[in-house]
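Q: sequence? don't have it. structure:
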């Protein structure tokens, strides 16, 4: 989901905010697979902002965040009619699907490398606990792999636009379940104090299982996607 964040040190009227919102909604449609119904916009006015040490002039900062995930790449392929071209390639449809999963792994490895560097820098410069940062990184990778394992076959079956609502269901459903379960006290009986008794490397080994399980599950996901793609007509 694309997100545009605007901060300015001046007062923005409701009419001006609506004008900006409409203009941004029209602009985002130029990106393949992006549209105003899936655009999030935040506008903060009267912010304390300095530029070159001064705050006497009108200032604004615009940040544009566009999530280009392997799942979103389906929209680009659909706009370029890639599937029709790929169907006649001598490599076969199975190779096309496997290439998509390979691309996913490369993206996750790149994200993990960036996260690892960030964790090390945070540990050295901000005195953050490196073990906790690495554990968070491993859990994040595991969740990303799990979402991709489920979503890729769904996208192959439904197409990128029809599958997009399911992506948000798959992402937010576990969060709702975990928060709801915690609020209802369903997890009160779970004792994780034994983790405190393990060496830090052993704890990291436990957390390493989080991405390992969906990584193995990717084999099943790829097999399902290959079967779906083999039956599609273009």
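A: Perfect, thanks for sending it. Note that the structure is predicted; figures quoted are calculated from it, not measured. Numbering: from 1, shown residues only.
Q: so after the lowest-mean-pLDDT helix or strand in the chain, what's the next helix or strand?
A: Across the helices and strands of the chain, mean confidence by mean pLDDT, DSSP states H and E is lowest for strand 60-65: a mean of 69. The first helix or strand that comes after strand 60-65 along the chain, using DSSP states H and E, is helix 73-79.
Q: pull out the buried residues from that following helix.
A: For helix 73-79, the neighbour count (16 or more other CB atoms under 10 Å) marks 73, 74, 75, 77 as buried. Just so you know, the C-beta spots here come from the backbone N, C-alpha and C atoms, and that holds for glycine as well.
Q: which helices and strands sit right next to it?
A: Contact analysis of helix 73-79 by 3 or more CB pairs under 8 Å, 6 or more residues apart in numbering; DSSP states H and E lists helix 160-184 as its packing neighbours.
Q: what helices or strands is the helix it packs on leaning on?
A: helix 73-79, helix 130-158.
Q: want to throw these into a markdown table with distance to residue 177 and mean pLDDT?
A: Putting the helices and strands packed on helix 160-184 into a markdown table (distance: least, CB to CB, whole Å; pLDDT from 0 to 100) gives the following:
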| stretch | distance to residue 177 | mean pLDDT |
| --- | --- | --- |
| helix 73-79 | 27 | 74 |
| helix 130-158 | 13 | 84 |
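Q: so which of those is the most packed in?
A: Of all the helices and strands packed on helix 160-184, helix 130-158 has the most neighbours on average by mean count of other CB atoms under 10 Å, namely a mean of 19.
Q: how far does stretch 147-165 sit from the chain's center?
A: Centroid separation for stretch 147-165 versus its chain: 14 Å, with CA atoms, centre = their mean, to the nearest Å.
Q: TSV for the helices and strands packed on helix 160-184, including distance to residue 114?
A: As requested, these are arranged in TSV below (distance: least, CB to CB, whole Å):
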stretch	distance to residue 114
helix 73-79	19
helix 130-158	10
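Q: cool, thanks, talk later.
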